[in-house]
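Trainee: model the following, please.
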Amino acid sequence: MIEAILAGLLLGLGGSLHCVGMCGPIVTAFSLSTKQQSFSRTLVTTTTYNMGRMSTYLLLGIAVGLIGNVSDNLMFLKILRIIAAAALIGAGLAMLLQRQLFHSLEFLGRGIWQRIQPITKRLNPSRSLVQAYASGILWGLLPCGLVYTAITIALGQGELSLSALFMLSFGLGTFFPMLLMGIGFSQLNKWLKTRVARTLIAISMIALGSLALWPMISGSHQHASPSETDAPSSMHEHHHHSLVRSTGSTQFIAERNA
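Mentor: Coordinates of the predicted model:
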């Protein structure tokens, strides 16, 4: 559970620069729409908007978690976990080497987004908190390679609760940078751009992914000792003989009384 939370937070925090770059124009337009509001109102509206986005991530985590939760194929689950660990390592390497790992995946959701985008234009987040929350939910479906990477890792958790927890943690990792940008602060985003911060987050992601991947590719597992393996069968045989003796004794008593 702790691993899922840490991995989600690190991926979200490290990938938040991708979020700011991709969603920057959206957040800027959002900030301009709330310019006439007080700071407290802007803070509440921006928080509500980002809560809507996190709700989408949570629902996506539940959706992919159901796939692993209903599967009883151990090999299938192992493959999913290997893919998830490899995706986390790949995301860390891409961040460390300053490569665009996510951009090539963004074509996957364009068809869906073309149907959703017209709806977003009818919503005005600054008008009401309901519209701010609805806007956040829809913008959470924006084609984004970072989100697709997170979904892949969530799928590999193999359990509904862990998949949901990972996506929620991922949303939290992106929450604060996007929130601060929305209300006009950018100090955290500037810190995340520094080489030290990027290296620390990237190495942590690679380490977590490697720890998850190593037991599965090394094939290390504990073998039961012969005595432990034979124990169930010995107990079964003992129980069977006892049952036979008991049955024989009952039959003998019945015949004697007859």
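Trainee: where does pLDDT dip in this structure?
Mentor: For the chain, the stretches flagged by pLDDT under 70 are 17-37, 72, 100-106, 181-189, 192, 219-258.
Trainee: show me the domain layout of it.
Mentor: 2-218, 223-258 (automatic domain parsing).
Trainee: can you give me the helices in the stretch 1-150 of the chain?
Mentor: Ranges of helices within the stretch 1-150 of the chain are 2-33, 39-70, 74-96, 110-120, 129-139, 145-155, based on DSSP state H, counting those that start in this stretch.
Trainee: and the last one, what does it pack onto?
Mentor: In this structure, helix 145-155 makes packing contacts with helix 2-33, helix 39-70, helix 74-96, helix 160-182, judged by 3 or more Cβ pairs under 8 Å, 6 or more residues apart in numbering; DSSP states H and E. C-betas here are computed from N, CA, C, even on glycine.
Trainee: tell me how many other residues surround Ser71.
Mentor: 13 (other Cβ atoms under 10 Å).
Trainee: apologies, that question was intended for Ile5.
Mentor: As a burial measure, Ile5 scores 17 neighbours (other Cβ under 10 Å).
Trainee: apart from its chain neighbours, what residue comes closest to it?
Mentor: Of all residues beyond its chain neighbours, the one nearest Ile5 is Ser169 (4.7 Å), with distances taken as Cβ to Cβ, 6 or more residues apart in numbering.
Trainee: ditto for Gly92
Mentor: Closest residue to Gly92 apart from its sequence neighbours, by Cβ to Cβ, 6+ apart: Met205 at 3.3 Å.
Trainee: who's in contact with the one you found?
Mentor: Contacts here follow Cβ atoms under 8 Å, 6 or more residues apart in numbering; on that basis Met205 touches Ala7, Leu10, Leu11, Gly14, Leu88, Ile89, Ala91, Gly92, Met95.
Trainee: hmm, 6 Å instead?
Mentor: Contact analysis of Met205 by Cβ atoms under 6 Å, 6 or more residues apart in numbering lists Leu10, Leu88, Ala91, Gly92.
Trainee: which of these are buried, as a ChimeraX select command?
Mentor: Selection of buried members from the contacts of Met205 for ChimeraX, criterion 16 or more other Cβ atoms under 10 Å:
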select :10,88,91,92
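Trainee: possible to save the contacts of Met205 as CSV with distance to Ala132?
Mentor: Converted to CSV, the contacts of Met205 look like this (distance: Cβ to Cβ, whole Å):
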residue, distance to Ala132
Leu10, 28
Leu88, 32
Ala91, 29
Gly92, 33
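Trainee: out of the contacts of Met205, flag the one nearest to Ile67.
Mentor: Leu88 (18.3 Å; Cβ to Cβ).
Trainee: doesn't Gly209 make contact with that closest one?
Mentor: Yes - between Leu88 and Gly209 there is a contact at 3.6 Å, judged by Cβ atoms under 6 Å.
Trainee: from Ile137, how far out is the residue lying closest to Val44 once chain neighbours are set aside?
Mentor: Nearest residue to Val44, sequence neighbours excluded (Cβ to Cβ, 6+ apart): Leu129, at 7.1 Å. Separation of Leu129 from Ile137 (Cβ to Cβ, to the nearest Å): 13 Å.
Trainee: over to Met1?
Mentor: Counting by Cβ to Cβ - Met1 and Ile137 are separated by 26 Å.
Trainee: which of those two has more neighbours?
Mentor: Neighbour count, other Cβ under 10 Å: between Met1 and Ile137, Ile137 has more, with 19 against 11.
Trainee: hmm, that one is touching Thr56, no?
Mentor: Yes - at 5.2 Å, Ile137 counts as touching Thr56 under the criterion of Cβ under 6 Å.
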